[in-house]
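*Asks:* structure for this input, please:
(one chain, ligands or ions: 1)
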Amino acid sequence: MLNQKKTLDTIKQYKSNQQISMLTCYDYVFAQLMDEADIDCLLVGDSVGTNVLGYASEQEVTLADMLHHTKAVARGVQTSFIISDLPYQTYETPEQALQSAQLLIEAGADAVKFEGFYPDIVRLLTAHNIQVVCHLGLLPQTALKKSVQAVDKASIQQLYRHACDLEYAGASMLIVELIPEEVAKEVTNRLSIPVIGIGAGRFCDGQVQIVYDVLGLTKRQFKHVNRFFAFRERLAEVFVAYKKRVQQQTYLDITHSFHVDGV
Ligand code: KIV
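*Replies:* The predicted structure is shown next:
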């Protein structure tokens, strides 16, 4: 039997049964690999800007960038659920958010995500049958400093309130970034929608990571990342070896060449 495309209902059911796996994904090849590995959700995050496009910050990412990468990911996916980010300044009003979200959905996203506390946007998008993932805690698009959030009583209470209000407005899932494990656990218990953590400890309904961090492709190492292996160092070795073999004329042997008689 062919595997079926995952829906939000599938993912929501996991909340009480199994941990939800989510990774950022920016292209066709990685989308195929993650889909074959049965990763539940692929996040076409605006982290594509700093991780793939060489931008200095998430603020440089455009809607055109997001559409391009969403289409590439969608081409590689059969079953995983695809979430695409609304980039910076493309959701300044609920109406602008709706227009931007509709384009991402047309490009192949199953749901859209935006950062911050905007219940009006959630309401308008869900009224138009667009599923919405919210993002609280550290908000990379606007954060001045990438530090742990919700560390004092007032901001912890505010986070709980915002999370509950976004669920009430119709959000389908919540991502919490760089907050203490204890706070993330409490948010997860309070909400009935899935809460996915990044740098939010062990007790959310699932984990999301930047795929290049997990692979060890990123230069920096973060406390919240458990690298599987040092891919960056390995790739560097491969490229050096390739250059050496080309220079030594040992990269190809006779079996890799095409031949014709009589020349
Ligand atoms: O853009 C992104 O990759 C994200 C994750 C940090 C959750 O929003």
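*Asks:* can you pull the residues of the stretch 151-263 of the chain lying near the ligand?
*Replies:* Within the stretch 151-263 of the chain, the positions lying close to the ligand (CB under 6 Å from any ligand atom) are 175, 177, 198, 208, 210. C-beta: built from backbone N, CA, C; applies to glycine.
*Asks:* what of the stretch 1-150 of the chain?
*Replies:* Counting by CB under 6 Å from any ligand atom, the residues of the stretch 1-150 of the chain near the ligand are 24, 43, 45, 46, 47, 85, 135.
*Asks:* out of the residues you listed, which sit inside strands?
*Replies:* Among those, the residues falling in strands (DSSP state E) are 24, 43, 85, 135.
*Asks:* out of those residues, which end up buried?
*Replies:* By neighbour count, with 16 or more other CB atoms under 10 Å, those hold 24, 43, 85, 135 as buried.
*Asks:* quick check, nearest of those to the ligand?
*Replies:* residue 24 (4.4 Å; CB to the nearest ligand atom).
*Asks:* please look at that closest one and residue 214 and confirm they touch.
*Replies:* No. Judged on CB atoms under 8 Å, residue 24 makes no contact with residue 214 at a distance of 9.2 Å.
*Asks:* got phi/psi on the closest residue to the ligand within the chain?
*Replies:* Closest residue of the chain to the ligand, CB to the nearest ligand atom: residue 45 (2.4 Å). For residue 45, the backbone dihedrals (degrees, to the nearest 10) come out as phi -80, psi 160.
*Asks:* chain neighbours aside, what residue packs nearest to it?
*Replies:* Leaving aside its chain neighbours, residue 45 sits nearest to residue 24 (4.4 Å; criterion: CB to CB, 6 or more residues apart in numbering).
*Asks:* show me what contacts that neighbour?
*Replies:* Contact analysis of residue 24 by CB atoms under 8 Å, 6 or more residues apart in numbering lists 42, 43, 44, 45, 47, 48, 51, 208, 209, 210, 211, 212.
*Asks:* just checking, the fourth one touches residue 82?
*Replies:* No. Using CB under 8 Å, residue 45 is not in contact with residue 82, being 11.4 Å away.
*Asks:* who has more neighbours, those two?
*Replies:* Ranked by neighbour count (other CB atoms under 10 Å), residue 45 and residue 82 place residue 45 first, with 30 against 26.
*Asks:* mind showing which ranges of the stretch 1-150 of the chain have poor pLDDT?
*Replies:* Counting by pLDDT under 70, the ranges of the stretch 1-150 of the chain that qualify are 1-2.
*Asks:* show me where it has helices.
*Replies:* With DSSP state H, counting those that start in this stretch as the criterion, the stretch 1-150 of the chain has helices at 8-17, 28-36, 48-51, 63-76, 94-107, 119-127.
*Asks:* pull the second one out as CSV, backbone CA atoms only.
*Replies:* So that's helix 28-36. The C-alpha coordinates for helix 28-36 follow below in CSV (Å, rounded to 0.1, in the frame of the first residue of the first chain):
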residue,chain,number,x,y,z
TYR,A,28,14.5,18.7,-3.4
VAL,A,29,17.2,16.2,-2.5
PHE,A,30,16.9,16.7,1.2
ALA,A,31,13.1,16.6,0.9
GLN,A,32,13.3,13.2,-0.8
LEU,A,33,15.6,11.9,1.9
MET,A,34,13.6,13.2,4.8
ASP,A,35,10.3,12.0,3.2
GLU,A,36,11.8,8.5,2.7
